[in-house]
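A.B. asks: Just to be clear, the model below is a prediction. Sequence and coordinates:
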Amino acid sequence: MKDLTDDEVRQAVRKTYGDIAKSGSAGYRGGAPSCCGQPQTPSVPDASAKMGYSSDDVTAVPEGANMGLGCGNPQAIASLQPGETVLDLGSGGGFDCFLAAKAVGPEGRVIGVDMTPDMISKARENAAKSQDRNVEFRLGEIEHLPVADGSVDVVISNCVINLSPEKPGVYKEIFRVLKSGGRVAVSDIVATAPLPDDLRQDLELYAGCVAGASQIDEIESMLEQAGFTEIRVTPVDASRELIREWSQGKPVADFIVSATIEAVKP
């Protein structure tokens, strides 16, 4: 079986999320799962509740910012403080960015980075509707972040790093942009067992946050090699029910689970 190239993966991911941004709807695109996306039932608020967001979180952001594309709630582990600078990898419509903006307050700053032009346009439209003036969105790849060295206190991400075909580069970039003492607070899909080749080589499943999932020991090794300490990768077993809902009968819940990923830059 021919291995997918990095460019094939990036093009498939960019097209999937570009289509979602243009349609304005979360969940399935033409029968393929979007990143931990939900079908139109349950609703996006219901899906967000299953990921750990409160009803106040859902109503606190501009309409259209929450697209139901995550697999957890990085805000719950980020412990954001007033005045901090936060970077969101794969910021989509800006949901987590707008929540972070409220947590860090007007003295803080939030930067969202996404490689999909249509998502960046959508997020900027949402920002124009928001009262938060401490949020900005930048176009870029998470393997090559458009962010200065040592300028960020916290890096968050929600079900995005698994989409990268160059994950060690992502963690090195996170290390570069964090200040000393800065921390990682990520929700992502991880593999609990090696994926069969037919799943691993499925472009729709790659764009759907399945085929690109790394195993926990691999993630720990990548973080360690990037220079991080206090590394914790914690599976969320309750997420398997959520995964079954968007896997459309494919046995992916036997191989993947949502997890929280935490680490600190010394």
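C.D. replies: Here it is on my side, so go on. This is a predicted model, so every value here is computed, not measured. Residues are numbered from 1 along each chain as shown.

A.B. asks: for the record, mean pLDDT for the longest strand along the chain?
C.D. replies: Scanning the chain for the longest strand, with DSSP state E as the assignment, gives strand 178-191. Averaging pLDDT along strand 178-191 gives 97.

A.B. asks: Which elements pack onto it?
C.D. replies: Secondary-structure packing of strand 178-191 (3 or more C-beta pairs under 8 Å, 6 or more residues apart in numbering; DSSP states H and E): helix 75-78, strand 152-158, helix 216-226, strand 256-264. C-beta: built from backbone N, CA, C; applies to glycine.

A.B. asks: got the CA positions of it in CSV?
C.D. replies: Extracted C-alpha coordinates of strand 178-191, given in CSV (Å, rounded to 0.1, in the frame of the first residue of the first chain):
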residue,chain,number,x,y,z
LEU,A,178,7.0,29.5,24.6
LYS,A,179,8.6,31.6,27.3
SER,A,180,10.7,29.9,29.9
GLY,A,181,8.1,28.4,32.3
GLY,A,182,5.5,28.4,29.6
ARG,A,183,3.1,25.5,29.3
VAL,A,184,1.3,23.2,26.9
ALA,A,185,-2.4,22.5,27.4
VAL,A,186,-3.8,20.4,24.5
SER,A,187,-6.7,18.2,23.8
ASP,A,188,-6.0,15.7,21.0
ILE,A,189,-6.7,12.3,19.6
VAL,A,190,-4.1,9.7,20.4
ALA,A,191,-3.7,6.1,19.4
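
A.B. asks: Buried residues in it, which are they?
C.D. replies: Under the neighbour-count criterion of 16 or more other C-beta atoms under 10 Å, strand 178-191 has 178, 182-191 buried.

A.B. asks: Alpha carbons of stretch 165-172, as CSV, please.
C.D. replies: C-alpha atoms of stretch 165-172 as CSV (Å, rounded to 0.1, in the frame of the first residue of the first chain):
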residue,chain,number,x,y,z
PRO,A,165,2.2,15.0,9.1
GLU,A,166,5.3,16.4,10.8
LYS,A,167,4.4,16.2,14.6
PRO,A,168,8.0,16.5,15.9
GLY,A,169,8.3,19.8,14.1
VAL,A,170,5.1,21.0,15.7
TYR,A,171,6.4,20.3,19.2
LYS,A,172,9.7,21.9,18.4
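
A.B. asks: Relative to the whole chain's centre, how far out is it?
C.D. replies: Distance of stretch 165-172 from the chain centroid (C-alpha atoms, centre = their mean, to the nearest Å) equals 14 Å.

A.B. asks: again with stretch 240-255
C.D. replies: What separates the centre of stretch 240-255 from the centre of its chain is 18 Å, taken as C-alpha atoms, centre = their mean.

A.B. asks: What separation is there between the residue nearest the centre of the chain and residue 209?
C.D. replies: In the chain, the centroid-proximal residue (C-alpha atoms, centre = their mean) is residue 158; its distance is 2.6 Å. Distance of residue 158 to residue 209, given as C-beta to C-beta, to the nearest Å: 10 Å.

A.B. asks: Residue 180 now?
C.D. replies: 32 Å.

A.B. asks: Residue 140 now?
C.D. replies: Taking C-beta to C-beta, one finds residue 140 at 20 Å from residue 209.
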